[in-house]
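Colleague: Generate coordinates for the sequence data below:
(chains A, B and C)
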Amino acid sequence: MSDNTTRRMLLKSSFATAAASLLFQPKGGKAHKVKKYPDTLGVLVDLTRCVGCRSCEAACNAEQKLPQPDKPFTDTTVFDELEHGRQRRTDDTRYTVVNRYDVPGLDHPLFRKVQCNHCQEPACVSSCFVNAYTKTPEGAVIYNPDVCVGCRTCMIACPFYIPAFKYSSAFEPQIMKCVFCYDTRLKDGRPPACVEACPQEALTFGKRDDLIRRARRRIEENNGKYIDHIYGEYEAGGTSWLYLSGVPFDQVGLSTDIPHEPILDSVKNFLGIVPMVLTIWPALFAGFHLLATRKEYSQKNRDKIEKRQEDTI
Amino acid sequence: MKSLSIRMVTRLICAATLCIFAAAGQAEGFDPPEVVTIDMLAELYEPVVFDHAMHMENYSCGACHHHTAGEEVQRESCRRCHAVSTSGKVISCVDCHKEQTVHTALKDTLYHIDKPGLKGALHLQCIGCHKEESGPVGCMECHAFTSAGRKRFGL
Amino acid sequence: MKILTSENMSLPVTGPTKTGDTCWSLQERLLLGLSIREYVLQLRRNPVNWLLLVVFSLGVPLLCQRYIYGLGAVTHGSNDYPWGLFLGFGLFGMVPLSASGFLLGTTVNLFGREDFHPIERLALLNGLLGYFFAVVYLEVDLGMPWRLAYPMFMSLGPAAVLFLVAWHVATYLSVQIAEVLPALFEWLGRPAWKIYIKRISLGLTIAGIILSTLHQGALGALFTYAPTKLHPLWLSTEFMWIHFLCSAVFGGLAMVIVSSSLIFKYMRWRCGKAFSENLDQLTLGMAKGASYAMITYLVIKLVAIAHDNEWELLLTGWGAYYLLEIGVAVVLPMIMFARGVREGRVGLTRVAAGITVFGIIWNRLNTAIVCFNYQLYQDIPHWKEIWLTITLYALYFIAYRFIVYRLPIVFEWGEVSSRQESVGL
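Modeller: Presented below is the predicted three-dimensional model:
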């Protein structure tokens, strides 16, 4: 390369690089902004009320037309099911599951419904490189199987282990997750099927802001019955589904390690360097090149000048 | 759509039933019903016949009817404003505990912002007390499935 | 092949012409100057080919199974461990080991270190194939492989780290193809075409640096999406990208050392004069580079622990495992590299390079699988998944060997081999 590089060629190639970097610039450099919707809807889950009747599971199964499970929804032996030492989780046949938690010092078991928490700034949305996910103004995090490539980064990114993949299908695999009954109910302002089915009103549907007020009131009015924290108010940047509990949240299987900032915040460190690398690197390395090959250049330039002088003579 | 209309109809019936009792109570002073047939979940479950008389014998009205049945108000949070129970226009559950709607304008209301809907109120009240008093708490102990219910639950 | 080249003076094919004026035909070039019968015979003589056959005899049906019955048929189909070996090894392992292309390209073209020229093409090829097969692994792992181009054209999610990876790997793959093309042009007998590539080679090199910096880093940054799932010792939201980039530097160099050593040992007949004569000295040069990168890596690993104040985690079981990884995969080869360079022991640096390559893969597997979900259970990949991973690697091996056998990668097109020279050809 360097034995017949001229400055013109060098300029050309650096132009090419600059052009290339301009071409690639929009990527990654753009900070992701999730809109904050003021009237976003949500559900308040009161874990002291849930009795583990699994009506929500049955309602979800019917509403989302999911396959009939082996055991009926009245079967409570599912609470003892363990897979890899873990209680049931959402998968491609169920968007929600109820698990039982035996909390030490409590004479009765507690139950918690697991489903998508519909984050305010969802990690699945920000990690998806084909924009298959959308956070709707109503609050639902919905998914478009028509553009999904099946990379499963959303499953890596979700701090709540919610999205599941239909591994069993070779031709129509897709992500399966709770969509807040968006298509069938939420977009008309109606509560999701699970909420409607809940006999105990352990699930309360409403505007997220109102739900937070309600939750606060419930904590205040029931002196000491609840832990003084609304899980989901800040977790992962806030979620549309909120939880109240009488026992510490980690005892009912809700991770307390989840940061209060959106998951995207921890990725921003990297996203921030992208424009820097794209703009500084070309100049920096072209400079290195000139520096490293300066002797050859000056020799070559001297030769050229001499040659020209000879020609003019 | 079909299931929806059925549900609506049952709700209406249910509300009507309770209203009638309430109206009866109003008209003749205090004449509480012997039984209350609750069929708001008629789509999936057979109606529940609630033995009101038995409960009246064993418990005070205020145990369930907060501050609307003329007896001692038991709930701390109610007592703050309704120290004296006023028996009158509003007695039955459904008079206060309506079906939940989404856009309850919470901004204008200072109190009663966390009032459960009818289904929640009934279950919370029944199961909450039954746990303490060893009453029936299992779903099937009060509710019998309809065929639609059996189907829904995969039986 | 070794035996054949020693028997037949005109072999191996090292230039456009056979003997005198006759040119090698394309078929002869493809068959290494052998007749079909001879070619098949030498294939059968090589025990490695039989081993490959065993791998493929099971691997190919498994591959069919994967494409007919879905990923769930060959993997555990875990929702908790969405990324298994195909990505853990194939993408996260192969890509850093393929950083060689941009490293040696930079050394030669940008810093003007012409002395590394004899190994530059091998490094470029190693890079190209590594990236290509990372994409192959990806195609096996993606749920809908036929939608590979969706993030480019159909539906863009430009704020996602993976978007950056996709675009950069795709672009860089093209850059690398352009960089390896001159070897193909020579082999095809069209050396004139090279000039176009050569004119933009500095541009290509700088583009290579930018793209490599970003996507090597981006592969690390992908895990910053899982701040609660990956063990904090392996995850540093601040430094993750720089850890991945820096380890790719010594990973890529070590991979070239390993690959060139293997070629030199088992394909001596193929090695040209410049490659053979300079290899030892170049190996030491790369070893030196690798050891510098390793000490840098160690320092920033330490900085990351200090930054997140995770010292006490080092005392836990995971901490012991972390220290084991750092010790075996970084500190040990670093010392070996340094000693090898100082004392001129090329063999030692080759062993160190082997350990380093293993270490990089180990680190990436730890990050993607072992220490992922550290609070849950451990997922041991399905045997079919392991076998398929090996099958794809065997495919990589075959492609690598096929190209090194033919294209002027480790020899100069048209050069007269030393043996041919000695008998006066």
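Colleague: Only C-alpha atoms from now on, for both contacts and neighbour counts.
Modeller: OK.
Colleague: so where's the stretch 1-150 of chain A uncertain?
Modeller: Within the stretch 1-150 of chain A, the set of residues satisfying pLDDT under 70 comprises A:1-36.
Colleague: That one: helices as residue ranges?
Modeller: A:7-24, A:26-29, A:55-63, A:123-127 (DSSP state H, counting those that start in this stretch).
Colleague: Next one: the residue most central in space within chain A from C:Gly414, what distance?
Modeller: Taking C-alpha atoms, centre = their mean, the centroid of chain A lies closest to A:Ala123, which sits 1.6 Å from it. Using C-alpha to C-alpha, to the nearest Å, we find A:Ala123 at a distance of 56 Å from C:Gly414.
Colleague: same check, this time on A:Lys113
Modeller: Distance from A:Lys113 to C:Gly414, by C-alpha to C-alpha: 72 Å.
Colleague: Of the two, give the one with the bigger neighbour count.
Modeller: A:Lys113 (22 against 14; other C-alpha atoms under 10 Å in any protein chain shown).
Colleague: Just give the nearest non-adjacent residue to that one, would you?
Modeller: Distances taken as C-alpha to C-alpha, 6 or more residues apart in numbering or on different chains place A:Val98 nearest to A:Lys113, at 4.2 Å, with adjacent residues excluded.
Colleague: Likewise for C:Gln216?
Modeller: Using C-alpha to C-alpha, 6+ apart, the closest residue to C:Gln216 is C:Leu245 (5.1 Å).
Colleague: Now do the same for that neighbour: its pLDDT.
Modeller: pLDDT recorded at C:Leu245 is 93.
Colleague: Low-confidence regions, the stretch 101-250 of chain C specifically.
Modeller: In the predicted model, the stretch 101-250 of chain C carries no residue with pLDDT under 70.
Colleague: For it, which segments count as helices?
Modeller: Using DSSP H, counting those that start in this stretch, the helices of the stretch 101-250 of chain C run over C:117-141, C:161-188, C:194-199, C:201-221, C:240-266.
Colleague: Most tightly packed of those?
Modeller: helix C:201-221 (a mean of 27; mean count of other C-alpha atoms under 10 Å in any protein chain shown).
Colleague: any idea of the angle that helix forms with helix C:240-266?
Modeller: 120 degrees (axes from the mean of the first three to the mean of the last three C-alpha atoms, to 10 degrees).
Colleague: closest point of chain A to chain C, which residue?
Modeller: Nearest to chain C, among the residues of chain A, is A:Ala170, at 3.6 Å (C-alpha to the nearest C-alpha).
Colleague: State the number of residues packed around that residue.
Modeller: 20.
Colleague: I figured it hits C:Cys64, correct?
Modeller: No: using C-alpha atoms under 8 Å as the test, A:Ala170 is too far from C:Cys64 to be in contact (10.7 Å).
Colleague: Surely A:Leu82 is in contact with A:Arg100?
Modeller: No: in this structure A:Leu82 lies outside contact range of A:Arg100 using C-alpha under 8 Å: 11.4 Å.
Colleague: Neighbour count for the two, which is higher?
Modeller: A:Arg100 (21 against 11).
Colleague: Name the residues linked to that one by a beta bridge.
Modeller: A:Arg100 has these beta-bridge partners by DSSP bridges: A:Phe111.
Colleague: hmm, back to that, ok so the residue of chain A closest to chain C is a strand residue?
Modeller: No: assigned with DSSP: H, G, I helix; E, B strand; the rest coil, A:Ala170 falls outside any strand and is coil.
Colleague: what about the closest residue to it other than its chain neighbours, how many residues close to it?
Modeller: The spatially closest residue to A:Ala170, leaving aside those adjacent along the chain, is C:Gly70, at 3.6 Å (C-alpha to C-alpha, 6+ apart). Using other C-alpha under 10 Å, C:Gly70 has 24 other residues around it.
Colleague: And the top helix by length along chain A, how far out from the chain middle?
Modeller: If you go by DSSP state H, chain A has its longest helix at helix A:264-292. Taking C-alpha atoms, centre = their mean, to the nearest Å, the mean C-alpha location of helix A:264-292 is offset from the chain mean by 27 Å.
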